[in-house]
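J.: A structural model of the following input is requested.
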Amino acid sequence: MEKIELEIEALIFCAKTPISVDQLLKCLIEVHGPAIVEDDIKNTIEKLIKTYKKRQSSFELCKVGGGYQFLTKSEFQETVAVHLKQESKKRLSRSAIETLAIVAYKQPVTKTEIELIRGVSCDYSVRKLLDKELIEIVGKSDAIGRPMLYGTTPTFLEYFGINDLSELPSPKEFSEEEKNKIGKEIDS
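T.: Got it, this is the predicted structure:
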């Protein structure tokens with residue numbers, strides 16, 4: 001394979017979401033100059049698609065959502081599903097979700113402020129949310145002891161599928177009954 005082909009393959013591989021021909025073109029022009037044209041990229045992608053179809057591999061190059069992405073072949077779905085099920089067990093606990101909601105709506109916020117709202121210690125939840133990179137330390141409060149201030153991260157936005165905090169439902173969108181249930185067990 002030529003270097004450009006390998007670079008296109010690498011860009012598609014490392015992209016977290018489907019990458020468009022236009023995005024590939026912009027990146028390659030920045031690296032190699034204007035000698036790269038859209039047709040070269042399209043031809044290379046077609047060649048890569050054929051190469052991966054011939055190759056005995058667990059994944060393939062597919063056109064998805066206006067871009068290109070490497071995807072696991074359907075014959076490996078069951079195995080991948082087991083892994084994904086195991087990963088899903090790593091979801092957020094109820095206390096972590098409550099803590100995260102407080103941080104999202106009240107940021108920047110200290111642990112003490114979170115604990116005043118929740119009524120219980122939040123050390124474990126804050127630590128887990130920091131580990132998952134859903135929150136981060138955004139500074140220090142001017143209060144006595146200069147406690148850490150916490151805020152949400154870009155990972156938080158990705159996790160919840162929003163572009164910015166203004167897309168969060170406003171607290172007044174919750175009914176009074178729902179507000180009163182925050183932090184309490186709800187019978188299903």
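J.: just checking, what packs against the lengthiest helix in the chain?
T.: Secondary structure of the chain read by DSSP state H shows that its longest helix is helix 38-54. If you count contacts as 3 or more C-beta pairs under 8 Å, 6 or more residues apart in numbering; DSSP states H and E, helix 38-54 packs onto helix 3-14, helix 21-32, strand 59-64. To be clear about C-beta, it is placed using only N, CA and C from the backbone, and glycine gets the same treatment.
J.: And the ones you listed: which comes nearest Gln107?
T.: helix 3-14 (30.7 Å; C-beta to C-beta).
J.: Please tell me I have it right and Arg118 contacts Leu100.
T.: No - using C-beta atoms under 8 Å, Arg118 makes no contact with Leu100, being 11.3 Å away.
J.: State the helix or strand in which Ile97 lies.
T.: Using DSSP states H and E, Ile97 sits within helix 94-106.
J.: Which among the helices and strands packed on helix 38-54 is found nearest to Leu130?
T.: Closest of those to Leu130 is helix 3-14, at 25.6 Å (criterion: C-beta to C-beta).
J.: Convert the C-alpha atoms of that closest one to CSV, please.
T.: Extracted in CSV, the C-alpha atoms of helix 3-14 (Å, rounded to 0.1, in the frame of the first residue of the first chain):
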residue,chain,number,x,y,z
LYS,A,3,1.7,5.9,2.2
ILE,A,4,-1.5,7.9,1.4
GLU,A,5,-3.6,4.7,1.5
LEU,A,6,-2.1,3.8,4.9
GLU,A,7,-2.8,7.3,6.2
ILE,A,8,-6.4,7.1,5.0
GLU,A,9,-6.7,3.7,6.7
ALA,A,10,-5.2,5.1,9.9
LEU,A,11,-7.5,8.1,9.9
ILE,A,12,-10.6,6.0,9.5
PHE,A,13,-9.4,3.6,12.1
CYS,A,14,-8.7,6.2,14.8
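J.: Go through that helix and flag the buried ones.
T.: For helix 3-14, a neighbour-count test (16 or more other C-beta atoms under 10 Å) marks Ile4, Glu5, Glu7, Ile8, Glu9, Leu11, Ile12 as buried.
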